[in-house]
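Novice: Just a sequence and a predicted model for now, questions to come.
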Amino acid sequence: MAYGAIGCLELTIDRLLKSSHISIVQNSSPQILTHLYDEILSLIEALGEFDARRSTINMKMVKSLEAEMIEAVYQFEDVIDTHLSNQFHSQSEEEEEETTDHPRLTVYSVDVQEIKQDVDSFIETVNIMKRAYIHELCNPSPEEDDIVPSKTDSHGNESNMVGLSGLFMEIKRRLNSTKPERRIVSLYGMAGIGKTTLVKKLFQYPFRVERTHLFVTIGPKYQLADILVDILTQLNANVDEIMLMEGDKVLVELKRMVFKSLRFLRYLIVLDDVWDRELCLELLELFPEDNNKSRVLLTTRLSEVVLCSHSLNTFKIPFLDKKESWELLREKMFGERPCPRELEKAGKKIAENCEGLPLTIVTVANILSRADKTSEHWNKVANDKQNSTYKDAYDEMSNVLYPSYDYLPQPLKTCFLYVGAFPQNHIVDAYQLANLWSAEGFLNSKPIELDLHFTYGTHVYLIQLLVRHVIMFATNTRTYHLHSSFWYLCNKEAAKNKLFYAVNCHADALPEEGINSQRRLCIRNNVLLAIEDVHNSIADASMVRSLLCTGYFHQYPVPLCLEHLRLLRVLHALSIRFYEFPMEVLKLVQLRYFALVYDGNLPPSISKLLNLEYLIVERHLRIIPFVGNVLRLPIEIWNMKRLKYLHTGGRDLPHPSHEESFLPNLLQLLSVPPQSCTKHLLAKVPNLEVLVIQIDLPPYASEPLSCFDHISSLHQLQELGCYITNPTLKAEVVAPLAPLSDFPSSLTKLTLSGSFGYPWEEINKISLLPNLNSLTLQFYAFRGPKWEVRDNEFQSLIHLQIEDTDLEQLTFGNCCCLPAIEVFRVADCYKLKEIPLTFGTSLVEILVLDCNPMAVSCGIKLQKEWYDKYGERSLVLRVRSSWTDENIQS
């Protein structure tokens, strides 16, 4: 958390030193800022030491030191931001008095001499905090309890393993295998999902092969010597003499003794709750491979740890479905007795509200068992996910959940908590979240490298959170969200560290201590903004840096009191419709991120926002404009040199008035009409990495629209999307697909959505793109009954998605087609009767959603043949069929 706070300050100072719009007054000792910046980087480096030493630290003491850092950073940030704001505003007002025409490009002069004493004091404080932090990491303070309670039995001691019986049988089969070589089986998933429950049952199972059973619990905080002593103690080995040795000799001798004690012993060793892949590999080296049917069973929350075992022997523990959730809740509440009929409906809803996490269900059941079992009480709990029953449950679960947050790498902690700023169960788009993180200053440091191959076009921080199972991914919508247990943790921890303050109701906006000291406000009920005392309370929060309006969409005007929030850097208001452009925004000269819903044209003075990097202007009404009424961005947009991300909402880019006008930092251009994809305009955004073209077809369109003729000039382009917002089945409304030479070889992701109507034979124009790994074709992008994939096509393709088309047959020219494919998704293809049965060995998952039953049969047959061929059940098949009104997952 301290890492994120310091990262925000680092970004502010970095902008001061490098911005072309800011000039440091020479007589104010500009080296003051350079020295300050170096000290901030030094503190960030010290915080990074946490990741290397987190298995041995005193977490309570480290968090206390980091809290002191946060407070010191916030106090200094208030000083420097206020000073900058005052200087910027005074110069802006002087310029407005002098300028009557369109705003000219502004260069602000900044005098830092006035805050030199504050800077010097802060640097001194930084050095004191840094030394104390490093000393604590290297010499951890003693703790009353050295064991981090990171796990618990999520189903309870006496449990029928609801929802896990099938997995139990499959893993039991793997452990019972007659193959003599040592086999490592890994179970992974979110905290509280049931990993320990399952391995305990397996550990106690009377296998037909006799083995020596060892159960070793590790956790996030460990000492290798303690783990080895635990193993030897279970083997009845005497370690007293070894423990009398000095220095490294102890560890060397313990390792030797573990290997010797296990040699030629047929064993089943459970490594429960493993957090470190390197530790896991080190332990496995001590477990002899004697080809005697020995087995190792490990559990972890981290996907990278399961790489210690073969991918065919890794199992992700799934969440319970509604039926299983109710079965577990009913069992914990009533045992073998039936649930009273008057409680059953509410009970099922309560179980559903636990969102499939066994630990939540068991904890809620324990709380309910201590309360009145009346329909009135159960209905209250069922109808309100904010009921105290759930909050009490999450508090009781905190000893299990918190290590997943506490032991995150430093750069990820603030990013994770920030996801909780959105409402409970809110679906978050990857781009939106990554843009907000960047604008807030959370992404300045070098990303952590993953020993995992990650998803297409998604920010690496999101993937890091995903593989640590603290954030969830919806396959069907390709969006992210938090489980409610982690959402509650995020909000609790964020409030404690003043990361953000959530306003859910009237009382939240009027706390006794006020909200003036808050850094970020999350308005989850936009109506509150129209209430006078709430409005006044927010207006008094002059230190607020971010205003996030994340409640339900509000289509009527509400005041935002922006004129009082002069330090605002992030304004996210996509849940409010603006009928007029909020001109007070133009005074927010430190604004980096601005997102709103507005159907009109932007004012030319938008270019006053010289620090703006993210501009998102979505439209509420999708009305096809008639000739002469086309929405355009102002020509001054070319003066906004810091722009990285521009969502035009279908507005045309204007032709620049000067030949030298261009946007060198623009990386993502979204929702731009095809008329703006001319050679001249695309040359003005030479570093573009993501381009999304939006086609609004006018009624009775007859002239083919050209979209891709000049894409080849974008040599950095990685992702290209083209969407027809009002598709028609009329042919030839879009020009034929461009030849392969028109697509840059850098392209990795391509999405075509809408009635392009290209014949499948045209697909060879993109099939040889060397780096294309994700292809999505939706809503008759291609038409025709048959697509035959040839053996030299799409050699790098990992993800293929086909939706809503008249395709009847998808075939392969031979068995070598799509050699890299991992995920194949086909949806709403009602005529599809045949899909290939000869995918390569890289295939991981097939999704067949609402397709012809014959396509479903092909998917089931493919999975069976896969199992017969490879001998392992490693191919996931997901089927949803409206014909049978059932879901299949296997």
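Specialist: Yep, it's here. Numbers count the residues shown, from 1 in each chain.
Novice: how about the helices in the stretch 401-550 of the chain?
Specialist: Applying DSSP state H, counting those that start in this stretch to the stretch 401-550 of the chain gives helices spanning 410-419, 430-440, 460-467, 484-496, 532-539.
Novice: Adding mean neighbour count, write these out as CSV.
Specialist: Bear in mind the C-beta positions are built from the backbone N, C-alpha and C, glycine included. Shown next, in CSV, are these (neighbours: other C-beta atoms under 10 Å):
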stretch, mean neighbour count
helix 410-419, 24
helix 430-440, 22
helix 460-467, 21
helix 484-496, 21
helix 532-539, 17
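Novice: List of residues touching stretch 435-446?
Specialist: 3-4, 7-12, 14, 44, 48, 411, 414-415, 418, 434, 459, 461, 545-546, 569-570, 572, 592-593, 613-614, 644-645 (C-beta atoms under 8 Å, 6 or more residues apart in numbering).
Novice: CSV please, covering the helices of the stretch 401-550 of the chain and showing distance to residue 837 and mean pLDDT.
Specialist: Output for the helices of the stretch 401-550 of the chain, formatted as CSV (distance: least, C-beta to C-beta, whole Å; pLDDT from 0 to 100):
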stretch, distance to residue 837, mean pLDDT
helix 410-419, 40, 95
helix 430-440, 33, 93
helix 460-467, 31, 92
helix 484-496, 40, 96
helix 532-539, 60, 89
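Novice: low-scoring stretches of this protein, by residue?
Specialist: Applying pLDDT under 70 to the chain flags residues 26-30, 95-106, 144-160, 444-458, 622-629, 699-705, 729-735, 740, 870-874, 883-890.
Novice: now the farthest one out in it, which residue is it?
Specialist: Relative to the centre of the chain, and counting by C-alpha atoms, centre = their mean, the farthest-placed residue is residue 241 at 49.8 Å.
Novice: Could you point out the helix or strand that follows the helix or strand containing that residue?
Specialist: Using DSSP states H and E, residue 241 sits in helix 240-243. Sequence-wise, the next helix or strand downstream of helix 240-243 (DSSP H and E) is helix 249-262.
Novice: can you pull the buried residues of the next helix or strand after that next one?
Specialist: Sequence order places strand 267-274 as the next helix or strand after helix 249-262, per DSSP H and E. Residues of strand 267-274 classed as buried: 267, 268, 269, 270, 271, 272, 273, 274 (neighbour count, 16 or more other C-beta atoms under 10 Å).
Novice: separation between the third one and residue 217?
Specialist: What it means is residue 269. Separation of residue 269 from residue 217 (C-beta to C-beta, to the nearest Å) stands at 12 Å.
Novice: Report the central residue of the protein.
Specialist: Closest-to-mean residue, the chain, C-alpha atoms, centre = their mean: residue 462 / 3.2 Å.
Novice: What residue, apart from its backbone neighbours, is nearest it spatially?
Specialist: Spatial nearest neighbour of residue 462, chain neighbours left out: residue 430 (5.6 Å); criterion: C-beta to C-beta, 6 or more residues apart in numbering.
Novice: Can you tell me how far the closest residue to residue 181 other than its chain neighbours is from residue 265?
Specialist: With C-beta to C-beta, 6+ apart as the criterion, residue 181 has its nearest non-adjacent residue at 5.6 Å, and that residue is residue 291. Residue 291 sits 13 Å away from residue 265, taking C-beta to C-beta as the criterion.
Novice: So the two - more neighbours on which side?
Specialist: Between residue 291 and residue 265, residue 265 has the larger neighbour count (other C-beta atoms under 10 Å), namely 15 against 10.
Novice: Would you mind listing the residues in contact with the closest residue to the more buried one other than its chain neighbours?
Specialist: Nearest residue to residue 265, sequence neighbours excluded (C-beta to C-beta, 6+ apart): residue 212, at 5.5 Å. By C-beta under 8 Å, 6+ apart, the contact list for residue 212 reads 235, 265, 266, 267, 268.
Novice: circling back to that earlier point, let me have the buried residues of strand 267-274 in TSV, adding distance to residue 141 as columns.
Specialist: Below are those laid out as TSV (distance: C-beta to C-beta, whole Å):
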residue	distance to residue 141
267	37
268	38
269	33
270	32
271	28
272	27
273	24
274	26
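Novice: Farthest pair within those residues?
Specialist: Taking C-beta to C-beta as the measure, the buried residues of strand 267-274 span a maximum distance of 19.1 Å, between 267 and 273.
Novice: Isn't residue 558 up against residue 576?
Specialist: Yes: between residue 558 and residue 576 there is a contact under C-beta atoms under 8 Å: 6.2 Å.
Novice: So for these two, which residues contact both of them?
Specialist: With C-beta under 8 Å, 6+ apart as the test, residue 558 and residue 576 both reach residue 526.
Novice: Which one's more surrounded, the two?
Specialist: residue 576 (22 against 19).
Novice: packing partners for the helix or strand where that one lies?
Specialist: Element membership of residue 576 [criterion: DSSP H and E] is strand 570-578. Contacts defined by 3 or more C-beta pairs under 8 Å, 6 or more residues apart in numbering; DSSP states H and E place strand 570-578 against helix 430-440, strand 546-549, strand 593-598.
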